[in-house]
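**Student:** okay, predicted coordinates and the sequence, questions at the end:
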Amino acid sequence: MFVGYLVDILVDESAEAGPSLIKECILRFLSSKVDYVLCWMLEDKKLYQTLKEYGFIEREIDQNANGVYLIFDNKNIEATYIGDSRNWYITMGDSDVY
């Protein structure tokens, strides 16, 4: 079984670059006979909807996954800023295991 990974999609969300890149990746995966493709994407990102339009579905997060966190200095960073996922960028590079 061959798995494709879409990772580190960081593009200008106001442009068509993201959807175009995703489409090209999917075409390359199909030509390489990949069985399925994994991608991590937060729901509030514009590309989340693009992935859904191309047939991606949500999968439950592994309940045994380990979390890593940082205690931040709330004198310099507002908790509301950190708590808003629109300010986040998440990637498979943040994991030891996909």
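**Tutor:** Everything's here; your move. Predicted model only: the values in this text are computed from it and were never measured.

**Student:** just the buried positions in the helix ranked longest in the chain, please.
**Tutor:** As assigned by DSSP state H, the longest helix anywhere in the chain is helix 17-31. For helix 17-31, a neighbour-count test (16 or more other CB atoms under 10 Å) marks Gly18, Pro19, Ile22, Cys25, Ile26, Phe29 as buried. Every C-beta, even on glycine, is put in place using the N, C-alpha and C of the backbone.

**Student:** show me the strands in the protein, by range?
**Tutor:** With DSSP state E applied, the chain shows strands at 3-6, 36-39, listed in chain order.

**Student:** export those to CSV and tack on distance to Tyr81 and mean pLDDT?
**Tutor:** Shown next, in CSV, are the strands of the chain (distance: least, CB to CB, whole Å; pLDDT from 0 to 100):
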stretch, distance to Tyr81, mean pLDDT
strand 3-6, 27, 90
strand 36-39, 26, 91
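
**Student:** could I get the ones you listed as TSV with mean neighbour count and distance to Leu51?
**Tutor:** Formatted as TSV, the strands of the chain follow (neighbours: other CB atoms under 10 Å; distance: least, CB to CB, whole Å):
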stretch	mean neighbour count	distance to Leu51
strand 3-6	15	8
strand 36-39	15	6
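
**Student:** same list, those, but as JSON lines with distance to Gly83 please.
**Tutor:** JSON lines is the format used below for the strands of the chain (distance: least, CB to CB, whole Å):
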{"stretch": "strand 3-6", "distance to Gly83": "27"}
{"stretch": "strand 36-39", "distance to Gly83": "24"}
